[in-house]
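Undergrad: dropping the sequence and predicted coords here.
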Protein chains: 2
Amino acid sequence: MITNKLNKASLKQTVQREEILKYILAGKIHPTADMIYKNIVKIIPHISRTTVYNNLKALEKANIIKAITITGEDETRYDAVVEPHHHFVCEKCGKIYDIDICCNNFLKKNIEGHSINSVYAYFKGICKECTKDV
Amino acid sequence: MITNKLNKASLKQTVQREEILKYILAGKIHPTADMIYKNIVKIIPHISRTTVYNNLKALEKANIIKAITITGEDETRYDAVVEPHHHFVCEKCGKIYDIDICCNNFLKKNIEGHSINSVYAYFKGICKECTKDV
DNA sequence: ATTCTAAATTGTAATGATTACAAATAAATT
DNA sequence: AATTTATTTGTAATCATTACAATTTAGAAT
């Protein structure tokens, strides 16, 4: 499956690349480059931060992952779901959830005369889990 | 009007602060900190970059302006319109337009169990003006 | 109008994420 | 197995933003 994605993009298969992609795909946690690095260094101790950044760039370019930037946060996060969808950012725990809403406005190809290529949207608030805590 | 906003937020009125706010309010260009600095240094030659940053922070905290971050860009942009609305980012000229759409999803107080505090949304594409160019 | 105090301004130095670069290594093609 | 080309790696640079401490100023109090 990972092999497939990489082949299709004619990206070479390397342990580093596989682990990076596997990690992003696995947890739905929308990790930062640092989270990815810290996690993979446990498996591949000699991996370089630069490799992580290089691969994130390459995977993004190949449309295998997507970058997400959140106002107020200073690290880019990465999403393995490239199909259009939205996010919910918890202001308490920092977790990012995928949100599946289909908004009419986001199917438009045009808005106020401008030609739309892509849509970015997210909510901020307190998540389900954190609401529980008293 | 600017005086009003500053008073209401009990922020002191300084030439620097006035110019910064005036600049953001004026053009609807959603400037970066650097754009603000470069413009105001023409009027107040001894202004410091730090002052620009300090004021952006203060004005944002007072809810007089809003920060916008766009995936793929590395500088924060600032908006004088704090009422909820969306944006259109032109991938050719870089301009950011205000978009007035009211989406049902964005009036919700809750989504998939999470409690919503705020909404961020923008489109990317080619703007009206740039579409003209052959 | 002068004094006072907290807030604002300033310059410099630090921070921290990301990128540039060049040498070494490894994947995939022949 | 040899070759080619992408990938990995470490180090150093970049660039936006922030920390900090000294100086100055706005606006309140006198």
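TA: Received the coordinates, thanks. Numbering: from 1, shown residues only, chains lettered A, B, ... in the order given.

Undergrad: what sits against the spatially most central residue of chain A?
TA: The centroid of chain A falls nearest to A:Asp79 when counting by CA atoms, centre = their mean (1.7 Å). Contact analysis of A:Asp79 by CB atoms under 8 Å, 6 or more residues apart in numbering or on different chains lists A:Ile24, A:His30, A:Ile65, A:Lys66, A:Ala67, A:Ile68, A:His87, A:Asp98. From N, CA and C alone the C-beta is placed, and that goes for glycine too.

Undergrad: same check on A:Gly113?
TA: By CB under 8 Å, 6+ apart, the contact set of A:Gly113 is B:Cys127, B:Lys128, B:Thr131.

Undergrad: what does the first one show for phi and psi?
TA: By that I understand B:Cys127. B:Cys127 adopts backbone torsions of phi -80, psi 160, taken as degrees, to the nearest 10.

Undergrad: how far away is it from B:Met35?
TA: Distance, B:Cys127 to B:Met35, using CB to CB, to the nearest Å: 18 Å.

Undergrad: cool, and A:Val41?
TA: In terms of CB to CB, A:Val41 sits 39 Å off from B:Met35.

Undergrad: likewise A:Ile96?
TA: A:Ile96 is 30 Å from B:Met35, where distance means CB to CB.

Undergrad: so between these two, which is more surrounded?
TA: Ranked by neighbour count (other CB atoms under 10 Å in any protein chain shown), A:Ile96 and B:Met35 place A:Ile96 first, with 21 against 18.

Undergrad: so the more buried one is in contact with A:Phe88, correct?
TA: Yes - with contacts counted by CB atoms under 8 Å, A:Ile96 reaches A:Phe88, the gap being 7.0 Å.

Undergrad: identify the contacts common to those two.
TA: Common neighbours of A:Ile96 and A:Phe88 (criterion: CB under 8 Å, 6+ apart): A:Tyr122.

Undergrad: domains of chain A?
TA: A:2-68, A:83-132 (automatic domain parsing).

Undergrad: near chain B at all, the top strand by length along chain A?
TA: Longest strand in chain A by number of residues (criterion: DSSP state E): strand A:114-126. Yes - against chain B, strand A:114-126 shows contacts by CB under 8 Å from any CB of the partner chain at A:114-126.

Undergrad: and after that strand, which helix or strand comes next?
TA: Remark: after strand A:114-126, the chain's next helix or strand is helix A:128-132, criterion DSSP states H and E.

Undergrad: that next one near chain B anywhere?
TA: Yes - using CB under 8 Å from any CB, helix A:128-132 reaches chain B at A:Lys128, A:Thr131.

Undergrad: give me the buried positions along that helix.
TA: A:Lys128, A:Cys130 (16 or more other CB atoms under 10 Å in any protein chain shown).

Undergrad: residues in contact with it?
TA: Helix A:128-132 is contacted from outside by A:Cys90, A:Lys92, A:Cys93, A:Lys95, B:Glu112, B:Gly113, B:His114, B:Ser115, using CB under 8 Å, 6+ apart.

Undergrad: try it again at 10 Å.
TA: A:88, A:90-95, A:97, A:125-126, B:110-115 (CB atoms under 10 Å, 6 or more residues apart in numbering or on different chains).

Undergrad: out of the residues you listed, which two sit at the greatest distance?
TA: Greatest spatial distance among the contacts of helix A:128-132 (CB to CB): A:Gly94 and B:Asn110, at 19.7 Å.

Undergrad: just the helices in chain A please.
TA: A:2-8, A:15-27, A:33-40, A:49-61, A:128-132 (DSSP state H).
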